[in-house]
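Q: 3D model of this:
(4 chains)
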Protein chains: 4
Amino acid sequence: MGSSFGKIFKISTFGESHGPAIGVNIEGLPAGVQIDLEHIQLELSRRRPGQSRITTQRKEADEVEILSGVFEGVSTGTPVAMVIRNKDQKSKDYTHISHKFRPSHADFTFQGKYGVRDYRGGGRSSARETAARVAAGAVAKQFIAQAFGGHFYAYVSQVGSLKLGKDYLDLDLDQIDDHVVRCPDPEMADKMFRLIDQVRKNKDTIGGIITGVIKNIPVGLGEPVFDKLHATLGKAMLSINAVKGFEYGSGFEGIKMTGSKHNDTFYKKGDRVRTRTNKSGGIQGGISNGEDIYFNVAFKPVATIMQDQESVDKEGNNTKISGKGRHDPCVVPRAVPIVEAMSALVIADFYLISRTNKLNH
Amino acid sequence: MGSSFGKIFKISTFGESHGPAIGVNIEGLPAGVQIDLEHIQLELSRRRPGQSRITTQRKEADEVEILSGVFEGVSTGTPVAMVIRNKDQKSKDYTHISHKFRPSHADFTFQGKYGVRDYRGGGRSSARETAARVAAGAVAKQFIAQAFGGHFYAYVSQVGSLKLGKDYLDLDLDQIDDHVVRCPDPEMADKMFRLIDQVRKNKDTIGGIITGVIKNIPVGLGEPVFDKLHATLGKAMLSINAVKGFEYGSGFEGIKMTGSKHNDTFYKKGDRVRTRTNKSGGIQGGISNGEDIYFNVAFKPVATIMQDQESVDKEGNNTKISGKGRHDPCVVPRAVPIVEAMSALVIADFYLISRTNKLNH
Amino acid sequence: MGSSFGKIFKISTFGESHGPAIGVNIEGLPAGVQIDLEHIQLELSRRRPGQSRITTQRKEADEVEILSGVFEGVSTGTPVAMVIRNKDQKSKDYTHISHKFRPSHADFTFQGKYGVRDYRGGGRSSARETAARVAAGAVAKQFIAQAFGGHFYAYVSQVGSLKLGKDYLDLDLDQIDDHVVRCPDPEMADKMFRLIDQVRKNKDTIGGIITGVIKNIPVGLGEPVFDKLHATLGKAMLSINAVKGFEYGSGFEGIKMTGSKHNDTFYKKGDRVRTRTNKSGGIQGGISNGEDIYFNVAFKPVATIMQDQESVDKEGNNTKISGKGRHDPCVVPRAVPIVEAMSALVIADFYLISRTNKLNH
Amino acid sequence: MGSSFGKIFKISTFGESHGPAIGVNIEGLPAGVQIDLEHIQLELSRRRPGQSRITTQRKEADEVEILSGVFEGVSTGTPVAMVIRNKDQKSKDYTHISHKFRPSHADFTFQGKYGVRDYRGGGRSSARETAARVAAGAVAKQFIAQAFGGHFYAYVSQVGSLKLGKDYLDLDLDQIDDHVVRCPDPEMADKMFRLIDQVRKNKDTIGGIITGVIKNIPVGLGEPVFDKLHATLGKAMLSINAVKGFEYGSGFEGIKMTGSKHNDTFYKKGDRVRTRTNKSGGIQGGISNGEDIYFNVAFKPVATIMQDQESVDKEGNNTKISGKGRHDPCVVPRAVPIVEAMSALVIADFYLISRTNKLNH
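A: Below is the predicted model of the structure:
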């Protein structure tokens, strides 16, 4: 249970960090979408480890293979399965944790839940799992681009206490990938880089925030009362490894405001109804209103640190444990494409469902 | 679509603010649970309007009727349907908005999505819908109490800029309902009351935060990778009217910390593995670890204000609109039982699913 | 679990034979459908007991109330809940079975599955439950009629060994309701009536077959590989009380043929591709091909007979049991509207899903 | 849509006949199940083409690879993905049908539904897809064997008009695989073989019936009112390629009986409540009663015949078409393991759900 996401555009993922492969089966991709394998591969390379010295040095080629559902470059309406082989499996790095529970990891809870666990690299709880999401998200992006031209952005807006402090409207979102930190403000990106590098040298880790922006979304996506657009988007983000919080529009800050300041008043612009402000974050009553959707996602400091920590083993004896292998000192730069991917999966699903909302579509 | 929640313990709700009734159908409640109608009614009365001068003066008896699934006071394993009649429907209060879109409400998006809408009191987008959630949540609470004794708490921890600033461990959670504001610190509760009352006199509204705490939960609830416990809990909270953000454990603050400070180290206490700190908020890798689960939910200021606001009508003409009728100046005191209800629904579902996790249960 | 049906056009039913009410919540009905309450009531009256001396004499008014989702006579896209109160509950008729298991009823299995049961009138396993299906099916029919003009027919084609033996194409399907037996061949209908009446006088019961016909269905409904149109239709039919078999198109007889005789060859008629024969029953590869869909549904003899039968009680002691109250000697005449209703629910769902099949709809 | 099956034990399949691979992702397999790869491979070899001259001569090694969810030979509770590469893809055999619709195949309906299709070997509509079901079913069988020892049988009981005419209780079900026809009566098996071989020589095909038997199933499986055990079993069977009908217990014959003859009376045997007869087919009210479950599945004659047939092409011109390549003259011998597999998938799912039926499990 729990490895499926979506109702119509529905993905089902599989795979452990150190098993033979990870992958995804996409059901519900409409027929007639041109599928560009290179674009999928490109998205995967954005998530891939080893992009700079502030990301883990594991070498994962992350080469994706499409097994089904695409014929002569076009989707056929049948399931699209994709597989990424696990090539660089240094399983021996993990024998030291086979009987110990790493603090703030999922070792203890998987053991408690299932009675057994694949301890190598965190098994199913490894962030490697998110590569399957990125591959599926790339397909969703292609579908959305061809269906109505929606765009997905995500960027690092905070690392530790270093906060960008600019509205997304004041940034050039096309610059996000220009810097390995994936913050579109070059000066702040440099500061963040130095902070992450310092943390790495301290054999420690640090958290951060990713801001997501979705543009050019039609009015009417989201299915109240439980599958509100922001609720499903929130779940999608909270399901990403290390995420501890989600807010959209005015978010946690907005609660301090009065309604008279917070409300987004309507006006007519051309033939569209627009709002003068956008504290609603493009979503009202759980349904998109055509304005930009924006949100923040909080990532905790990576749990694996290169220092000794207290723990217990499976028998309950006190023990010490220390990270080995190759790990990220800060997860947010590499998580940017994952945030985009999950956004695209949510929008693709709600867009398809929205075709069923009215008697005459 | 979108009016169902849960996979095994599954609810399906219905009803508009000013239609004949709202209600819920619960599928998957196990047989053998003693159902106490009075307790359900009590929970509904906690959500009910008219509890004090800082809540709306609408009079809703909110009398619940169980239509099925309970025989001689015990659940039979068949669907439990509950209906609450809408009695105090002042529909005429809403004719002034039948052709206008209230700012930051769902009028515009419902109209855009469906082409028609029941404009009376917000129709399906009214917070009245949450009464059905509270009724279902009361049943979930009874099931959980009888199955393993889990407890659900929620309280107001912030109103506008007035922040309680105490850990839940330093509060007496049994005092929550002692004050109409539902903040268990009497001094802060008084301050919050005065602030809300002042805002009300200003014909304005204000936001707030509710903190949720779940105690005595077994290890192993939550279904990675998408249906992580905190992801589903987050979705449940974000689906409540007016919610703009969700964080659990160390949340947005935790990102500033380093991993060495943030990690929860393990130790053995009696025959249980415990963590010395609980920045994980009782959830690791998306699965409960047996520690307390705690989280914050941000509510925006209520959109309906008693002041004139700019807007447009259905034809796109500029117009003005002002709230009429009876509305809450701050939603958080009445939202406390809703947060508890949604918590209970999430836990009930994951608890039942957890029975299927192992070969030998 | 198990009281929901459909993925987009999704119903969730509830209610026991002798509880306060039965009902249904419909999610996913598109907005803009004109809802005719009288038509729903009419469909319910076709299923209602007491239509003639060969149907049970229970008096169930079966008055339906719409609780939500319809505003000014038009569906709003929100859930449509309907409730039918149980008025004629002669619960005392059932005290004699509170500790005994009626042969070929669900008493024993419900007791085994849930540990408790509402024994009155079969509780949830009563055919009374199907009234909720008929109400939902009536709404589905109205949607389909307004969306693309599809038509649903069902009629009694066999009672005991009395087999109609005519193709549906040779019958006037508008005559179905002209006879209480609901067989559109008057002569055969009379024979069937006499047989059922004789069986009734013998304090016995008898089985029968209902043939379903669906006309004017677009090409493309059905979702391989598991949710093939005929597979889902089959499940829908098999879920009706007392059904023991389902076949479509050439069915069980077709297996005796060779492929060269059985295949439906294609030809062009006007601008449509048609088949010269229709042994496929309007479905190829699990997807509608635009020809008529037709199928047979086998109903066993009603289990409640007015004779003594061997049985055991809850303690496992041997005992005797005999039917009391008012029961049908043959279920098929009243099951006709249920077959139609389930057909309409299946088609409504697949039609909505089909809107998501292609990039450009 | 439509490539998933099950609610807890849930499979999601993918793959076309002539694409790179077919496969399945299993969610919800409990942890702790010992997985025997050889057994999975063995089941696949039972479905594999080329077993004798009455089955297609395509050479498919059908070698399965497990990609995830199994660690050190034991299931971990995470998704189990399996892939079978397509090796013997004679795509050129199919260019002749790229613009034509084969009679009684899914070519026309896939084209109509999706606007595009992978015409090679039927693409997704090919029976090759069922190999993924057999692999998943083998895993389900292993789980069930270890959980409660349930057994699954299926055998050919009719080919064309050659009907076995014996009750399953009078057959030695362990002999099923002794004959390539998979009929456990050697004499009848020989007759069936000769009939199929004759049909093959005539460049024609013929239909048949498979009888399924499920033994040692606990009381309480099945989820009324829609997910009745026989309704879901029926859907599972009807979803198999070429199936036109399903009946269980007394089935279509039972309708001719009176209730007094048809009812299965109860008695006590040891500490179990049993029925003296089993016309209910082990299922009452949609729930297993502990007796054997048995049912019949009707398969139409294979649509591909080696003779010229009338058809139309994509442009609507009249044309002729004739089967090429290697095809089965009768599908039932090879479909036996598919019927077993689908049975096992249904039972595995309902067994897991049944763990959630009562307060105290």
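
Q: pLDDT score assigned to A:T13?
A: pLDDT for A:T13: 98.

Q: can you check A:D93 too?
A: pLDDT, A:D93: 65.

Q: Then A:R48?
A: For A:R48, pLDDT reads 84.

Q: Same check on A:E315?
A: For A:E315, the predicted pLDDT is 84.

Q: ok, which stretches of the stretch 151-300 of chain A are strands?
A: Ranges of strands within the stretch 151-300 of chain A are A:151-159, A:162-163, A:208-215, A:243-248, A:266-269, A:272-275, A:283-284, A:287-288, A:293-299, based on DSSP state E, counting those that start in this stretch.

Q: and those as JSON lines, adding mean neighbour count?
A: Quick note: C-beta positions are derived from backbone N, CA and C, even for glycine. Shown next, in JSON lines, are these (neighbours: other C-beta atoms under 10 Å in any protein chain shown):
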{"stretch": "strand A:151-159", "mean neighbour count": "25"}
{"stretch": "strand A:162-163", "mean neighbour count": "16"}
{"stretch": "strand A:208-215", "mean neighbour count": "24"}
{"stretch": "strand A:243-248", "mean neighbour count": "29"}
{"stretch": "strand A:266-269", "mean neighbour count": "16"}
{"stretch": "strand A:272-275", "mean neighbour count": "18"}
{"stretch": "strand A:283-284", "mean neighbour count": "30"}
{"stretch": "strand A:287-288", "mean neighbour count": "28"}
{"stretch": "strand A:293-299", "mean neighbour count": "26"}
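
Q: Would you tell me what the next helix or strand after the lowest-mean-pLDDT helix or strand in chain A is?
A: Least confident element among the helices and strands of chain A, by mean pLDDT, DSSP states H and E: strand A:318-322 (a mean of 88). As assigned by DSSP states H and E, the chain's next helix or strand after strand A:318-322 is helix A:332-354.

Q: quick check: mean pLDDT across that following helix?
A: 98.

Q: Not counting its neighbours along the chain, what's nearest the residue in chain A sticking out farthest from the centre?
A: What lies farthest from the middle of chain A is A:N317; by C-alpha atoms, centre = their mean that is 36.3 Å. In space, and not counting its chain neighbours, A:N317 is closest to B:K268: 7.6 Å by C-beta to C-beta, 6 or more residues apart in numbering or on different chains.

Q: go on, A:D36?
A: Per C-beta to C-beta, 6+ apart, closest to A:D36 is A:Q142, 6.2 Å.

Q: near chain D at all, stretch A:240-250?
A: No: Stretch A:240-250 stays clear of chain D (C-beta under 8 Å from any C-beta of the partner chain), getting no nearer than 14.6 Å.

Q: end-to-end on that stretch?
A: Stretch A:240-250 has an end-to-end distance of 22 Å (criterion: C-alpha to C-alpha, to the nearest Å).

Q: re the thing from before, would you mind saying which of the strands of the stretch 151-300 of chain A lies nearest B:A335?
A: B:A335 sits nearest to strand A:243-248 of all these, at 16.8 Å, using C-beta to C-beta.

Q: Report the backbone C-alpha coordinates of the closest one in PDB.
A: What follows is strand A:243-248 as a C-alpha-only set of coordinates in PDB (Å, rounded to 0.1, in the frame of the first residue of the first chain):
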ATOM      1  CA  VAL A 243       9.900  17.300   4.100                       C
ATOM      2  CA  LYS A 244       8.500  18.700   7.400                       C
ATOM      3  CA  GLY A 245       6.100  21.400   6.300                       C
ATOM      4  CA  PHE A 246       4.000  22.900   3.500                       C
ATOM      5  CA  GLU A 247       2.300  26.300   3.000                       C
ATOM      6  CA  TYR A 248       0.800  28.000   0.000                       C
END
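
Q: Partner strands of that strand, with direction?
A: strand A:293-299 (antiparallel), strand B:243-248 (antiparallel) (DSSP bridges).

Q: so can I have TSV of the ones you listed showing mean pLDDT and distance to C:T13?
A: Below are these laid out as TSV (pLDDT from 0 to 100; distance: least, C-beta to C-beta, whole Å):
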stretch	mean pLDDT	distance to C:T13
strand A:293-299	98	36
strand B:243-248	98	31
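
Q: Select, out of those, the one closest to A:L169.
A: So among the strands paired with strand A:243-248, strand A:293-299 is nearest, using C-beta to C-beta, at 9.2 Å.

Q: what's near enough to touch the residue nearest to A:N317?
A: A:312, A:316-318, B:274 (C-beta atoms under 8 Å, 6 or more residues apart in numbering or on different chains).

Q: now it, which residues is it bridged with?
A: As for beta bridges, B:K268 partners with B:V273 under DSSP bridges.

Q: tell me the mean pLDDT for stretch A:167-174?
A: 97.

Q: for that stretch, which positions count as buried?
A: By neighbour count with 16 or more other C-beta atoms under 10 Å in any protein chain shown, stretch A:167-174 contains the buried residues A:168, A:171.

Q: residues in contact with that stretch?
A: A:153, A:155, A:184-185, A:211, A:213, A:292, A:294.
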